[in-house]
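A.B. asks: Predicted coordinates and the sequence they were generated for:
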Amino acid sequence: MRHGRYPFVVGFLAAPVLLYVVFVISPYLQAFYIALTDWKGLSATPRFVGLENFTRLLDNEAFWAAVRHHGVLLLAMPLATIVIALLFAFLLNVGGGQRGGRMTGVRGSKVYRVIFFMPQVLAVAVVGALFQAIYRPDETGVVNGLLAKVGIEPVGWLIDPDLALWSIIGVMVWQGVGFYVVLFSAGMSSIPKDVFEAAALDGAGRFTLFFRITLPLLWDTLQVAWVYLGIAAFDGFALVQVLSVNLGGPDNATTVLPLEIWRTAFGPFRFGYASAMGVALFFMTITFAALTLRVTRRERIEF
Amino acid sequence: MATDTEPKAAVRAPAAARGPRRRPGDTPGVFGTLSHLALLVWAILIIGPILWTFLASFKTNTEIFGDPITLPASFGWDAWGWAWEKARIGRYMLNTIFVVACSTAGTMLLGSMAAYVLARYSFPGNRAIYLLFVSGMTFPVFLALVPLFLVVRNLGLIDTHLGVILVYIAYSLPFTVFFLTAFFRTLPTSVAEAAMIDGCSHTRTFFQVMMPMAKPGLVSITIFNVLGQWNQYLLPLVLLTGNVEDRWLITQGVANISVSAGHEANWPGLFAALSMTIIPVMIVYIVFQRQIQSGLTSGAVK
Amino acid sequence: MSNSAGTPGDITRRQMLRRIGMTALVAGPGAGLLSACAVGGSPAPAASSPATPSGGAISAANPFGVAADAPLEVVIFKGGLGDSYALEVHEPLYNKKFPQAKIKHVATQQIAQTLQPRFAGGDVPDMIANSGTNLMDNGALQQEGQLLDLTELWDAPSIDDPSKKVRDTVAPGTVESGYIDGKPYLMNYVFSAYGLWYDSALFQEKGWTPPKTFEEFKTFAETAKSAGITPFAYAGKNAAYYAYWMILISAAKIEGNQFLIDVDNLVDGVWQRDSMKQSAAAWAEIGKYMDKSFEGLIHTEVQIRQNQGKIALYPSGSWLENEQKSQTPKEFKYALAPTPSVTAADKMPYEAIRAVAGEAYIVPSKAKNPKGGLEYLRIMLSKEGARGFTEKSGNITVVTGAADGLELSPGNASVNAAQNAAGENIVTYSSFENWYKEFETELRKQTNALMFGRISADEFCAKMQAAADKTKADSSITKQNRTV
């Protein structure tokens, strides 16, 4: 195994590393530098201003609103997605009870799985445009039209400041659940059947099966899901941009950091300031990823 | 709507699960009915909006801004013609297929090469390079947009599909490398060692022994990348400017119609364009759904 | 815009335009005009623009010395005005003059996203219609030295009458409305009247007349409401500025145009003056008649509802009629009403309307063919160019008399009538929208909050004053100043 080893290693790494450094690392490094300048994105010579952009962030209301929203997104979005996806995955795989000595899903589980996954293949731009019509605030919106049929007043899904963020979270969950149903299903099917059968023989109900067997054995998969969803919770740009009132409104109720960055960069061209927000976002994301991996680290159950 | 029902569905979970405690592990009763109901509601929530979009493409502006729960008065294809010709959805779709095919292939090749080396060979700097790649997963793309534009432009690749392909590959590498490194580590070392003893070079071992063994992981991450790149919105917006409208990708096209609908008020056209982007993807998905689903997750749970 | 030359309508329009100039001059000592003249006396110093690449000879017909074979890139915001006016009128006119020049036409709705990176990279087009929701911040562009001073254009001979300067062929006040830092960087081309738009056919049928005071407005609102029609509405999702225009117009009517100048100059306490508080309070009252759902709609969605006869009064500018052309039912007739008077002691009468030059066209200073860009603008400002624009876009331009003889649409006819009625009482422009983008964003936010009843008029004024103070205190934002 020693033979021609380094040339091989170098040969295999050269192209990917080069590409990555040129197109990913170098722009980010530049961005970190830009955050310390007052660059307007137009002139060749940015002026160095030290930490001024960061101190300016301190009394930027919209920035802090966005940070709070990432907090909400980070808790609610993964939680809702995972709970719903777990429930459905359980129903689709084990929920049918025993049949011929095997645990099976409820009838039609294959069809359900196909349907649930569908939103995953739709571009976010498409999903945003679609939900514009779904959430329209008067009775011409799809949801409000349905509510009107049963005599309920139209709900301001995206215009009620207390509801708007949740409506957008709803779209994220709508789109995300399918993927995690499939992910958890795969996880469940990799749990040896005899584990379930043995438990069922011991008289364990579905409740016990779920909490005592499925959940602990899925811990690794859940952790992966949480990280994926958490990283998604730091984005949300496309949906908020298309759906929210007055870009991130009403009254900052839906704004997220990518939107503030975009607004600051492409409105008044304050690239230095926008980059400072980007740097803040970077540290938040990386802290989340590190924390999650640390906190959720648990002994892996081997079968 | 989604927000409205999710909590309900979530609440239903423990209730449904609690049901069978009295009648452990037998044929569906109340539990079965409830679970079917939950599944059915969610299925309707998914299909409803998609179906509505499709129907809206046949409506007139007035119908779209009337009662949402009606069928269109007549089924004409005007809006579809508009979306195809004026909004050039077909063109954008072909562009996107070309770009995504190239960039996914490139991502897989370069990503698996890097991941293999990082997973199976120890050399100074291994850990550093691995972390360099993996940390890329947490970078907000926004931060890099303008410098990225400058880099691409200085290379003379702005407004070209090659530029987009290279950037897509670069931005897909972090996750691909992260995922495949973990995957290659799980593969048994004995086969590769045997191959080496038989005189296979490192390169041949990789392509002829390891790649086939890693197939489930590769398929999974390929699909992941195809979906991710197909849906990319921000990067093409910056890399393919308004100068080269005929090279635009599908998400740009859709976003553009979405904005124009604000000015030209052609709402049926917007929904026709949306349907056009949805339908082929749906067909591909339904045909390959088994592979997509199993592929997408087989690696992720390793 | 107007009937054939010599008809009363035509004369009044010219008089009216002269009067706008009057008001503009009365408002300040005309310093802007003077300084502009002082700077740009001769066409020779094209200081900021790079030397003409292959240098065309300067002649009477080619005052900027455009190289005949230099390619020209034109970027058009494809919004309410469409882009056919450029594609079918101005670009062919340019090509007629310079047949070897290859013109690249780019139409987009996303001006900033498309162009910002190009500015960063120094690869910029030669002329830009900088407009729409996603327009670039002209103030920032100017600060970064990216805009070409248009003094040369305004002092060049007019295409129609070489004995006149271009500046003398446009509505007075036009040049000044494009000032940044005391120099004309923007060519504001489209002449727009702002106020409350309604369907005169519907009003006639119902026997309604637009309200003249806010007291009447409330009575009217009750009447309309009982007829099942929303009395007043705007689109909160993307057109909050339609509403703040009305609030600013009302405040200017109370206090006079000096108010708008003070707002632009970030004068201490301007947002907490009585005029502003009264205006905000009056409009907030009207906001109560608006369904909450309008906050979640975009402007075309609201406009469609007006076309369907569900909304009585809609705040907008005179481009509205053309923007809605394909959606408007045959019997629908657009008409413009001035904003109602707030108090009996208003400085300006009810008839006063806001009529200003808008839609900025710019030439980047680092363009490859800036001379071509200037010449393109000069062609736009020719009678033929302006007339073609009006025919294609349905909007009138700042070029005096260019639309003579064109048939008037109902909306344009009513603008004409409103302008005649307004006489000298013209509410002028605001520049903060071009100068302080973040402040403008805040104003959109707070306008929605005010109009949809989440904050009181006092809170609105306090918040906007705080935002103005913050802008003023922010050392990284270059301050602008205007005197007219």
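C.D. replies: Thanks, I have it.
A.B. asks: Number of residues surrounding the closest residue to C:K165 other than its chain neighbours?
C.D. replies: If the residues on either side of it in the chain are set aside, C:K165 comes closest to C:D155, at 5.4 Å by CB to CB, 6 or more residues apart in numbering or on different chains. (C-beta placed from N, C-alpha, C; glycine too.) C:D155 is surrounded by 19 other residues when neighbours are defined as other CB atoms under 10 Å in any protein chain shown.
A.B. asks: what about C:D155, distance to C:P184?
C.D. replies: Between C:D155 and C:P184 the distance is 10 Å, computed by CB to CB, to the nearest Å.
A.B. asks: Name the SS class of the residue nearest to the spatial centre of chain C, please.
C.D. replies: With distances taken as CA atoms, centre = their mean, chain C has C:G358 as the residue nearest its mean C-alpha position (2.4 Å). Three-state secondary structure (criterion: DSSP: H, G, I helix; E, B strand; the rest coil) places C:G358 in strand.
A.B. asks: For beta bridges, what are the partners of it?
C.D. replies: C:V190 (DSSP bridges).
A.B. asks: got a pLDDT number for it?
C.D. replies: Per-residue pLDDT puts C:G358 at 84.
A.B. asks: Strands of chain C, start to end?
C.D. replies: The residue ranges that make up the strands of chain C, judged by DSSP state E, are C:72-77, C:103-108, C:127-130, C:179-180, C:183-184, C:187-199, C:230-232, C:311-317, C:334-337, C:353-362, C:426-427.
A.B. asks: Tabulate those strands in CSV, adding columns for distance to C:A449.
C.D. replies: Below are those laid out as CSV (distance: least, CB to CB, whole Å):
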stretch, distance to C:A449
strand C:72-77, 29
strand C:103-108, 31
strand C:127-130, 28
strand C:179-180, 30
strand C:183-184, 36
strand C:187-199, 22
strand C:230-232, 17
strand C:311-317, 17
strand C:334-337, 26
strand C:353-362, 23
strand C:426-427, 24
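A.B. asks: Any buried residues in stretch B:145-157, and which?
C.D. replies: Of the residues in stretch B:145-157, B:L145, B:V146, B:P147, B:L148, B:F149, B:L150, B:V151, B:V152, B:R153, B:L157 count as buried by neighbour count, 16 or more other CB atoms under 10 Å in any protein chain shown.
A.B. asks: Check stretch C:58-65 too.
C.D. replies: Counting neighbours by 16+ other CB under 10 Å, one finds that the buried residues in stretch C:58-65 are C:N62, C:P63, C:F64, C:G65.
A.B. asks: which intervals of chain B have sub-threshold pLDDT?
C.D. replies: Low-confidence regions of chain B, defined here as pLDDT under 70, cover residues B:1-29, B:242-243, B:258-265, B:293-302.
A.B. asks: ok, the most centrally placed residue in it - contacts?
C.D. replies: Within chain B, the residue whose C-alpha comes closest to the C-alpha centroid is B:L227; the distance, by CA atoms, centre = their mean, is 1.8 Å. Residues counted as contacts of B:L227 (CB atoms under 8 Å, 6 or more residues apart in numbering or on different chains) are A:Q120, A:V121.
A.B. asks: Quick check: which element contains it?
C.D. replies: When secondary structure is defined by DSSP states H and E, B:L227 falls within helix B:215-230.
A.B. asks: Send me that helix as PDB with only the CA atoms.
C.D. replies: In PDB, the C-alpha atoms belonging to helix B:215-230 read as follows (Å, rounded to 0.1, in the frame of the first residue of the first chain):
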ATOM      1  CA  LYS B 215     -22.500   2.500  -5.300                       C
ATOM      2  CA  PRO B 216     -25.300   3.000  -2.700                       C
ATOM      3  CA  GLY B 217     -23.600   6.000  -1.200                       C
ATOM      4  CA  LEU B 218     -22.700   7.400  -4.600                       C
ATOM      5  CA  VAL B 219     -26.300   7.100  -5.900                       C
ATOM      6  CA  SER B 220     -27.600   8.700  -2.800                       C
ATOM      7  CA  ILE B 221     -25.400  11.700  -2.900                       C
ATOM      8  CA  THR B 222     -25.800  12.000  -6.700                       C
ATOM      9  CA  ILE B 223     -29.500  12.400  -6.300                       C
ATOM     10  CA  PHE B 224     -29.000  14.900  -3.500                       C
ATOM     11  CA  ASN B 225     -26.800  17.000  -5.700                       C
ATOM     12  CA  VAL B 226     -29.100  16.800  -8.700                       C
ATOM     13  CA  LEU B 227     -31.900  18.100  -6.600                       C
ATOM     14  CA  GLY B 228     -29.800  20.700  -4.900                       C
ATOM     15  CA  GLN B 229     -28.400  22.100  -8.100                       C
ATOM     16  CA  TRP B 230     -31.600  21.900 -10.000                       C
END
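A.B. asks: If we go by neighbour counts, what in it is buried?
C.D. replies: Buried positions in helix B:215-230, judged by neighbour count with 16+ other CB under 10 Å: B:217-230.
A.B. asks: cool, and stretch C:209-224?
C.D. replies: C:P210, C:P211, C:K212, C:T213, C:F214, C:F217, C:K218, C:F220, C:A221, C:T223, C:A224.
A.B. asks: could I get those residues as JSON lines with pLDDT and distance to chain A?
C.D. replies: Formatted as JSON lines, these follow (pLDDT from 0 to 100; distance: CB to the nearest CB, whole Å):
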{"residue": "C:P210", "pLDDT": "95", "distance to chain A": "25"}
{"residue": "C:P211", "pLDDT": "96", "distance to chain A": "25"}
{"residue": "C:K212", "pLDDT": "95", "distance to chain A": "30"}
{"residue": "C:T213", "pLDDT": "95", "distance to chain A": "30"}
{"residue": "C:F214", "pLDDT": "95", "distance to chain A": "25"}
{"residue": "C:F217", "pLDDT": "95", "distance to chain A": "23"}
{"residue": "C:K218", "pLDDT": "95", "distance to chain A": "23"}
{"residue": "C:F220", "pLDDT": "96", "distance to chain A": "22"}
{"residue": "C:A221", "pLDDT": "95", "distance to chain A": "19"}
{"residue": "C:T223", "pLDDT": "95", "distance to chain A": "22"}
{"residue": "C:A224", "pLDDT": "95", "distance to chain A": "17"}
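A.B. asks: With respect to A:F116, which of those is nearest?
C.D. replies: Proximity of the buried residues of stretch C:209-224 to A:F116 (CB to CB) peaks at C:A224, which lies at 47.3 Å.
A.B. asks: Below-threshold pLDDT in the chain: ranges please.
C.D. replies: You didn't pick a chain, so chain A it is. Low-confidence segments of chain A, defined by pLDDT under 70, span residues A:1-4, A:41-44, A:95-105, A:293, A:295-303.
A.B. asks: should've been chain C
C.D. replies: For chain C, applying pLDDT under 70 flags the ranges C:1-55, C:133.
A.B. asks: tell me the domain ranges of it?
C.D. replies: Taking automatic domain parsing as the domain assignment, the record places the domains of chain C at C:13-21+C:61-192+C:356-419, C:194-354+C:429-473.
A.B. asks: Out of those, which gets nearest to B:P49?
C.D. replies: Each of the domains of chain C was checked against B:P49 via CB to CB, and the shortest separation belongs to domain C:194-354+C:429-473, namely 17.2 Å.
A.B. asks: Start and end of that closest one, how far apart?
C.D. replies: The distance separating the two terminal residues of domain C:194-354+C:429-473, taken as CA to CA, to the nearest Å, comes to 32 Å.
A.B. asks: Reformat the buried residues of stretch C:209-224 into a markdown table and put distance to A:K40 next to each item.
C.D. replies: Written out in a markdown table, the entries for those read as follows (distance: CB to CB, whole Å):
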| residue | distance to A:K40 |
| --- | --- |
| C:P210 | 44 |
| C:P211 | 45 |
| C:K212 | 46 |
| C:T213 | 46 |
| C:F214 | 42 |
| C:F217 | 43 |
| C:K218 | 46 |
| C:F220 | 47 |
| C:A221 | 45 |
| C:T223 | 51 |
| C:A224 | 47 |
